[in-house]
Every structure is written in structure tokens, then in C-alpha cells.
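Peer 1: Below is the sequence, then the predicted model.
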Amino acid sequence: MHPDRPRAAGVRRGGAEGPAPDRGHLSRGEGRADGEAVRALALAAVLLAPGLAYGQQQTPLWPNGAPGFESRKAIPEQAADYWLKSVNNPSVTAYLPPKDVANGAALVVLPGGGHRILVIHSEGDDVAKVLNPKGVAVFVVKYRLFREEGSPYTIDHARQDAVRAVRYVRGHAAEFGIDPKRIGLMGFSAGGELVNLEVYQGGAKDPRIDAIDDVSARPDFQVLVYPGPLGAPDKVPSDTPPAFMIAANDDECCSAPLADLLPKFRAAKVPVELHLFQAGGHAFNMGLRKEQASLKSWPNLLVNWLSDNGWMKAR
């Protein structure tokens, strides 16, 4: 079973979802009005809390729905706790940093979930919580899931979503206040597989819908967080975007793909940085819910890499 596969209802285990977040519950007798008040207060707390995403806006990747599946765009998503599924109208949600710290760098993020679900919070929202205060704009992609039960999609449709997301963000760079030459693509687990497919296959053969499809889909850099094996290239071309790669050595699924990629990057003389932790298993996410010091602080390694390579300042 893929490590990101959702567990049976009611069962809490390790995996892509991470530990269940703490949250309070309202009794049924408190009524809808009280529930609405609590939700309003919670929203206000999120918007005002330091270190959290400054602002967010969700936009469909295509104006009339995904090509060939326009009739499915109104089918609602399903979400509970840490996950989201039934993505039929792929989208990108922008989390923009405060203007006084924004530096123009951007990351397009593909959450994991074994292509059955999207681990949308700990591998999506949490990226913004960590990187927005550092001045990095974060764009979380809801892509189509080819392994979800009853899905009409293939992994190539998910690749199209990743390609379109990079093009969309770059095409709207001025609107988002980012540098179109400092856009990275980040993927966790199954999302890391899509990073590989996006980088090495690209979107040259995808149907042209509008002017966004004329924009370059090549990310300026890539971030692979315990990626699965799908999409990994036999050879890394010399023009491949620089890569930051990270996993735990005891991750039975998704440490080997990075070990295999490293010599290919070196042979191509493409800049690469690999961090392989002694322990941590699969799906340590952004480290926010981990006790190990190395895992809790791993995002600092990413920030340092971004800074060392000049992605955090205007070029």
C-alpha cells in the first residue's frame, strides 16, 4: 500500500496525514448560531495570528474547467480533517506574504496523498505558515487524483494541472507581486512525483486553451520532499532546474528515489542539495508536529538553500 493511502475511518496512524491536529468540538445543543460565531472568531484568529499566511485566494486553473472534463467542474470537493479529494476543477490557492517582508520569491506546492487524496493542510497550508513570514509567496495546487475510487483521470491529467499551475503563477506574477524568474515547484510524496513529471516531460504537447499556455512552465528551481518513484528520469538533462531534496533514511517508500537521483544530478553538473535524515519515516511534512529536533527545523535548511542560491532577493 502506498504510504499516503488514506486509512480506514476512525483509525489514527502515522503516514502522510501526520498526527491528528488538536481541535475543540461543539456540543450539538449549542446551535448553529453559536457554531457560526465560533467559526468567525476562529477565522479572525487565523488572519491576525503572527506567522500564519497573510492572505489567500483560490482560482481555477482553467476558466471553464479542465480541458476535456469541463462538464465535471461543478462536482464539489470532499474534505475532512487533514485531507481533500474529488478535485474536478483544479485550482491554485495563493498565500501571499505581508508586503513589508515579501521578497518576490514563490513556491508552487503540490501536496502528497498517494494520488487518492490531497494532504492539503500539513503539506499545503503549512508551507505558507512557514515560508510566508520569510517573504516567500506560496501557491497550493489542488490537482486531479487518478487513484481515487471512480476517478476518470490519469496521472497525465495531474501532470497537466502541475504544468498549468506554474504557467498560471508566472503569467500573473505582476498581480501577485513575485519575480517570474524566481518561481520554484515543490512536491511532497505523490506531489514530488508530479514535480518530476512536470520538470522532465513539461507541457509542450498539452492543448492550448488561452494565452497562459504560451507562458513557460519551467520552474526556476525544484524542491522534492520524500518523492515517490513515478516520473523519475533515467537521465537528468544539463538544463534541469537546481534541486533541494530531503527525506528520512528509514522511509521505505521514498528515500530511495532521491538516492537514485543524486548521482544523475552530479553527472549532469546540475546544482543539487540532498538531506537524508537518520530517522523520521514517511510524511514528516513541514516538521511542525514532530519531536525530533532535526525534523522540526528542516524548513530552515530549505530557507538557507533558497538564500544561498539567490532566490530570496531580486536578480
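Peer 2: Alright, I've got the coordinates.
Peer 1: Would you state the helices of this structure in chain order?
Peer 2: Secondary structure of the chain (DSSP state H): helices located at 31-48, 126-131, 155-171, 173-176, 190-201, 256-268, 293-296, 298-308.
Peer 1: will you turn the ones you listed into CSV that also has mean pLDDT and mean neighbour count?
Peer 2: Heads up, the C-betas are built off the backbone N, CA and C, glycines and all. As requested, the helices of the chain are arranged in CSV below (pLDDT from 0 to 100; neighbours: other C-beta atoms under 10 Å):
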stretch, mean pLDDT, mean neighbour count
helix 31-48, 40, 11
helix 126-131, 97, 24
helix 155-171, 98, 23
helix 173-176, 97, 14
helix 190-201, 98, 26
helix 256-268, 98, 16
helix 293-296, 95, 15
helix 298-308, 98, 17
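Peer 1: Output these as CSV; include the columns distance to Trp83.
Peer 2: Formatted as CSV, the helices of the chain follow (distance: least, C-beta to C-beta, whole Å):
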stretch, distance to Trp83
helix 31-48, 19
helix 126-131, 14
helix 155-171, 16
helix 173-176, 27
helix 190-201, 12
helix 256-268, 23
helix 293-296, 21
helix 298-308, 22
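Peer 1: just so I know, which of these lies nearest Pro219?
Peer 2: When those are compared by C-beta to C-beta, helix 155-171 sits nearest Pro219, at 5.8 Å.
Peer 1: and the angle from that closest one to helix 190-201?
Peer 2: With axes from the mean of the first three to the mean of the last three C-alpha atoms, to 10 degrees defining the directions, helix 155-171 sits at 80 degrees from helix 190-201.
Peer 1: Can I get helix 155-171 as PDB, trimmed to CA atoms?
Peer 2: The C-alpha trace of helix 155-171 is given here as PDB (Å, rounded to 0.1, in the frame of the first residue of the first chain):
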ATOM      1  CA  ILE A 155      -1.600  10.700 -13.900                       C
ATOM      2  CA  ASP A 156      -1.100  12.700 -17.100                       C
ATOM      3  CA  HIS A 157      -4.000  14.800 -16.100                       C
ATOM      4  CA  ALA A 158      -2.400  15.500 -12.800                       C
ATOM      5  CA  ARG A 159       0.800  16.500 -14.700                       C
ATOM      6  CA  GLN A 160      -1.200  18.900 -16.800                       C
ATOM      7  CA  ASP A 161      -2.500  20.500 -13.600                       C
ATOM      8  CA  ALA A 162       1.100  21.000 -12.300                       C
ATOM      9  CA  VAL A 163       2.200  22.400 -15.700                       C
ATOM     10  CA  ARG A 164      -0.800  24.800 -15.800                       C
ATOM     11  CA  ALA A 165      -0.200  25.900 -12.200                       C
ATOM     12  CA  VAL A 166       3.400  27.000 -12.900                       C
ATOM     13  CA  ARG A 167       2.300  28.800 -16.100                       C
ATOM     14  CA  TYR A 168      -0.600  30.500 -14.300                       C
ATOM     15  CA  VAL A 169       1.500  31.800 -11.400                       C
ATOM     16  CA  ARG A 170       4.200  33.000 -13.800                       C
ATOM     17  CA  GLY A 171       1.600  34.600 -16.100                       C
END
